[in-house]
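Undergrad: My questions concern the predicted model and sequence given below.
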Amino acid sequence: MEKQFDLQEHLRKLIAASPLSQNEIANQLGLNSGYISKFLNRKQEIAFWMFHKLVTYLDKDNELMLMTRFCENMSRKENLRVGLEYAHSKNLKGLMSQLIEKCSIDKNEENREWAIVYEWQLNSKSAVHYNLTDYVSDLNGIKAKTIEMKALLKILEMYCFFFDEKYEIAYYHVKQAENLIHEVSDSFIQKSFGARLNEALGYIYLKYKNDVVRAREAAYQLAEKDLGPNYLVTAFFVLGLSYFKESFDKTVFFYKKALEISSKIGRVSLIEDINEQIDFACLYWGKAAESSFDSNNFIKLVSEKNDLKDYYNHPKYAPYAYLYDGIKESNKEKLFMSMNYFLSQRDKFRASIPELELRKLGVEFTAIKGGEYV
């Protein structure tokens, strides 16, 4: 019969094999060695953030397995709530379902509240459509009992406006959520909620503000948090896009990092999108398109320098059709059309690409009140 895995014994062996003593490890991680001892001797369950720090320091390669074991057996009400956020950040749907069930029957009213909200998040991932008004109304109907839940509800409301491309309102909710997160005591919740904001801010700074520097800051912060593959894909995608006008090599480097992770986790639709974005960059920089050449007729037409007029009214490719034809023909009108299409899609960063090409052709832009150009 196979011996049952012993979490505490596994950690004791890792600490014993470490060049540092338990006290030294605790000091390095900002933990209390006494709490660690009590946990290892099964006398006390330590806080989630403490265990997470210990695991990622001692055995990062087995983090998911060790954290899942801990989550399956923990009983502290605060840990159950943080465990839900961990499962969400790592996209561990099975673990999330287990914790939702456990919290939903808990005597603690706050835990039951968290179960409702995380079950809602879990179900929303598989939902195809949602009504913005109903979604916000449902959020406002929840009476949060903890500062953590208040912050989470504000984040979910932010996502709601973000996905509806109401970036100005989404940005306002980001700022409100940031103020609430500062009051959260659990360091893992702070880190994970911060990652959710970074995920949105990368795109908001590019699309809504055309602020490349701050978009990259948000993306790098998201990557450094290293809370899960989906977050890393977003970080590298934003970084790749942000270098589109500046560096072909950096654009492709970051896109390919996003592509590699997407391939590992099987995000098929995203793989197709990233390959297409790589080809857009190749075509812009005068390189040969490879990823979508055989399967994408638009990419093939651009590559072969054919007329793209059949795509001038295409809902997806119209701004790119005008962009590539405008560059090829040094046609200011077509470049203006490309810029206007991107602006109509609420994408100021991509609108700055044909704008750059227009500047090369001698067009001067003057900023006026409101951030627009003439």
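TA: Done, it's in. Fair warning: this is a prediction, and the values are worked out from it, not measured in the lab.

Undergrad: drop to CA atoms for contacts and neighbour counts, all remaining ones
TA: Will do.

Undergrad: The residue lying closest to A47 once chain neighbours are set aside: which element?
TA: Nearest non-adjacent residue to A47, counting by C-alpha to C-alpha, 6 or more residues apart in numbering: N79, 6.4 Å away. Assigned by DSSP states H and E, N79 falls within helix 77-89.

Undergrad: Can you tell me what sits against the helix or strand just after that helix?
TA: Next helix or strand after helix 77-89 toward the C-terminus (DSSP H and E): helix 93-104. Helix 93-104 is contacted by residues 68, 71-72, 80-81, 83-84, 87-88, 111-116, 118-119, 122 when judged by C-alpha atoms under 8 Å, 6 or more residues apart in numbering.

Undergrad: same thing but 6 Å
TA: 84, 87, 111-112, 115 (C-alpha atoms under 6 Å, 6 or more residues apart in numbering).

Undergrad: Can you tell me how far the residue nearest to A47 is from I271?
TA: 35 Å (C-alpha to C-alpha, to the nearest Å).

Undergrad: Output the below-cut-off pLDDT ranges for the stretch 101-250 of the chain.
TA: In the predicted model of the stretch 101-250 of the chain, residues 125-136 satisfy pLDDT under 70.

Undergrad: So T56: helix, strand or coil?
TA: With DSSP: H, G, I helix; E, B strand; the rest coil as the basis, the three-state label of T56 is helix.

Undergrad: List the buried residues in the helix holding N79.
TA: Using 16 or more other C-alpha atoms under 10 Å as the test for burial, helix 77-89 gives 79-89.

Undergrad: other SSEs contacting the helix of greatest length in the chain?
TA: Counting by DSSP state H, the longest helix found in the chain is helix 187-207. Helices and strands touching helix 187-207, by 3 or more C-alpha pairs under 6 Å, 6 or more residues apart in numbering; DSSP states H and E, are helix 212-225, helix 348-360.

Undergrad: just to revisit the earlier point, quick one: which two of the contacts of helix 93-104 are the most distant?
TA: A87 and R112 (16.6 Å; C-alpha to C-alpha).

Undergrad: Need the contact partners of the helix or strand harbouring V233.
TA: Secondary structure assignment for V233, by DSSP H and E: helix 229-242. Helix 229-242 is contacted from outside by 216, 219, 222-223, 251, 254-255, 258, using C-alpha under 6 Å, 6+ apart.

Undergrad: Lovely, talk soon.
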